[in-house]
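J.: attaching a predicted model along with its sequence, questions to come.
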Amino acid sequence: MRSCSVLIPGTVLILTILFSLGAHAQSPSVQNGQAPAEAPAKPAAPAEAIPGKPAPPAKKKHDPRDLCITSEDAGSELLNKRRQVGGRIILDTFLLPTGGNVDVGLDEPFSESEFYFGALDIGTSTPIIMDRPDVKARQAADTDPIIKKGLMKKDRTIVNLRIPDVLEAPWRQAQLYVFTCHDGSPFKVSETAVRVSPSLYSSGLAWLIVFLGYLIAAFAFRSSRPTHLFAYLDPIAMSAGTDGKASLGKLQIMMFSLIVFGLITYFLLRTGVLTDISSTVLLLLGIAGIGSTVAKGADNSRTTITPENKAWLLRKQWLPSTLNPNDIDAHWRDLFTTDGEFDVYRYQSFIFSIVVGGALIIGGVTQLSSFEIPQTLLGILGLSQVVYIGGKLVTPTSMADLNKSIDDLRQAEKKFRASAIAANSGVLPANLTAAVGPASQAAYDDYMSLATDVATLFSMQTGIGVTPAKLQPSL
């Protein structure tokens, strides 16, 4: 019995030691005095490992640049008004131009972490949703018109919207929304009432107004009806000078004026406000205007009969008592010729005017107030005008020769009158027969010889004939 009582406790002790050794082998941390860690859970078998069951799609991580509102839920988002109200939308125009990019102000501090989306409700069943590439935000700058007009602070947000052309609602009221998105859903929404202005309708109406303005000028300047209807639309006839020939300076002013008028009208229909004109456009109009004025002065001083000679010709009845005896006989060749000779200066000024006019139409459509023409191109146009005017001043003309001949003829008439008075004892003879005597015969012959030549030159320049009776000197 004693042996059994000793054997049983020994056996229990040996089993306890063996069990403890096995536990220490499974958990090494027990050796350091730490509690044994919980055994990690066995990973679940992958879905594709389960036979007969398809793998579920992996969940896509949200990208804040993704569109947070679609056309399907846009209607409910715009109607329930459950989102937080965002910053006030500020426009510097009365109309919202569609069919292009437009800057609107958002009266909230600019944050680079914010992503914006836009929507335009024109009353149709589905609003127009502007995706992320169509909406770009930036911080306002001093050059922005909204800041210049004092409508918004400089630290606020400018949102650039690319709005498609809204042909269904020409100049009709609509609602503009700007969404701020967080976690794939609209977080804040800003809205304002606007009146949309389609680009297509605005440009078509602007062209029509410009054409009507051209028609008014075409019909107003004529004193008589032309032979056919298309002659009314001839710009060469409209640019004719007092001599009845086409004037390059007048044509340039008319072309630039119509282009600028059309662009201002277009912007008025698009935005509802009058746009500013850049200094380049003013300089361009000034070059054409000054060039035309100086050229006209050069023509008047060189190609027009002087007032003294004109008065003498009226007394002699060589000229009729009308303001402009010449009919309009303008042709395209008048723009490039001087006295029947090809004028390279006129041609140079004309072709560069066409280039600048085309650049004004293409570039001015985006923004007339900031339109710029390279200074070198403006310099070429100005240089062409200077050379063109200089050519007028240095090139002799037949009309200048006519003026000089008429001056000589007037002096010859004075000499004949003086000799006739001297031969008649200091008294003016009663008639021409009494004035022509032996003492004044030489002066009379000199006058008649010069009068015949001057009358021939006068008829060639003006197309007005002079009868022999009008050649006689006047006492």
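T.: Looks like it came in fine.
J.: all strands for the stretch 101-250 of the chain, in order.
T.: Secondary structure of the stretch 101-250 of the chain (DSSP state E, counting those that start in this stretch): strands at 116-121, 128-130, 135-139, 156-163, 173-182, 185-197.
J.: columns mean neighbour count and distance to residue 206 on top of the ones you listed, output as CSV?
T.: The way it works is simple: take the backbone N, C-alpha and C, and place the C-beta from them, glycine included. Formatted as CSV, the strands of the stretch 101-250 of the chain follow (neighbours: other CB atoms under 10 Å; distance: least, CB to CB, whole Å):
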stretch, mean neighbour count, distance to residue 206
strand 116-121, 22, 23
strand 128-130, 21, 24
strand 135-139, 15, 28
strand 156-163, 20, 19
strand 173-182, 20, 22
strand 185-197, 18, 11
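J.: report the central residue of this protein.
T.: The structure's the chain has its C-alpha centroid closest to residue 364; by CA atoms, centre = their mean the separation is 1.5 Å.
J.: and residue 281, how many neighbours?
T.: Number of residues near residue 281 (other CB atoms under 10 Å) recorded here: 21.
J.: ok, the residue nearest to the centre of the chain touching residue 371?
T.: Yes: taking contacts as CB atoms under 8 Å, residue 364 lies within contact range of residue 371: 4.8 Å.
J.: find residues that contact each of those two.
T.: Contact criterion CB atoms under 8 Å, 6 or more residues apart in numbering; residues shared by residue 364 and residue 371: residue 281.
J.: so what's residue 195 bridging to?
T.: residue 173 (DSSP bridges).
J.: what does residue 189 give?
T.: residue 85, residue 179.
J.: right, and it touches residue 88 too?
T.: No: judged on CB under 8 Å, residue 189 makes no contact with residue 88 at a distance of 12.0 Å.
J.: save the strands of the stretch 101-250 of the chain as CSV, and put in distance to residue 205 too.
T.: Output for the strands of the stretch 101-250 of the chain, formatted as CSV (distance: least, CB to CB, whole Å):
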stretch, distance to residue 205
strand 116-121, 21
strand 128-130, 22
strand 135-139, 29
strand 156-163, 19
strand 173-182, 19
strand 185-197, 10
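J.: mind putting those into CSV with mean pLDDT?
T.: Shown next, in CSV, are those (pLDDT from 0 to 100):
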stretch, mean pLDDT
strand 116-121, 86
strand 128-130, 84
strand 135-139, 90
strand 156-163, 93
strand 173-182, 84
strand 185-197, 85
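J.: just tell me which of these ends up closest to residue 330.
T.: Among those, the nearest to residue 330 by CB to CB is strand 185-197 (39.9 Å).
J.: ok now that closest one, how far from the chain's centre?
T.: Here the centre of strand 185-197 is set off from its chain's centre by 29 Å, with CA atoms, centre = their mean, to the nearest Å.
J.: identify the residues contacting it?
T.: Surrounding strand 185-197, the residues in contact under the criterion CB under 8 Å, 6+ apart are 68-69, 77, 83-89, 91, 94-98, 106, 117, 120, 122, 166, 169-181, 269-272.
J.: mind doing that once more with 6 Å?
T.: Residues outside strand 185-197 that contact it (CB atoms under 6 Å, 6 or more residues apart in numbering): 68-69, 83-84, 86-87, 89, 95-98, 166, 169, 171, 173-180, 270.
J.: pull the CA atoms of that strand into PDB?
T.: C-alpha atoms of strand 185-197 as PDB (Å, rounded to 0.1, in the frame of the first residue of the first chain):
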ATOM      1  CA  SER A 185     -22.100  62.700 -53.600                       C
ATOM      2  CA  PRO A 186     -23.100  66.400 -53.800                       C
ATOM      3  CA  PHE A 187     -22.200  68.200 -50.600                       C
ATOM      4  CA  LYS A 188     -23.000  71.800 -51.300                       C
ATOM      5  CA  VAL A 189     -24.900  73.400 -54.100                       C
ATOM      6  CA  SER A 190     -25.000  77.000 -55.300                       C
ATOM      7  CA  GLU A 191     -27.700  78.300 -57.700                       C
ATOM      8  CA  THR A 192     -28.900  81.400 -59.400                       C
ATOM      9  CA  ALA A 193     -31.400  82.400 -62.000                       C
ATOM     10  CA  VAL A 194     -29.900  83.300 -65.400                       C
ATOM     11  CA  ARG A 195     -31.000  84.100 -68.900                       C
ATOM     12  CA  VAL A 196     -29.200  82.000 -71.500                       C
ATOM     13  CA  SER A 197     -27.900  83.300 -74.800                       C
END
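J.: phi, psi of the residue nearest to residue 429 when sequence neighbours are not counted?
T.: Ranked by CB to CB, 6 or more residues apart in numbering and with sequence neighbours excluded, the top spatial neighbour of residue 429 is residue 435, at 4.0 Å. Backbone torsions of residue 435, given as degrees, to the nearest 10, read phi -80, psi -30.
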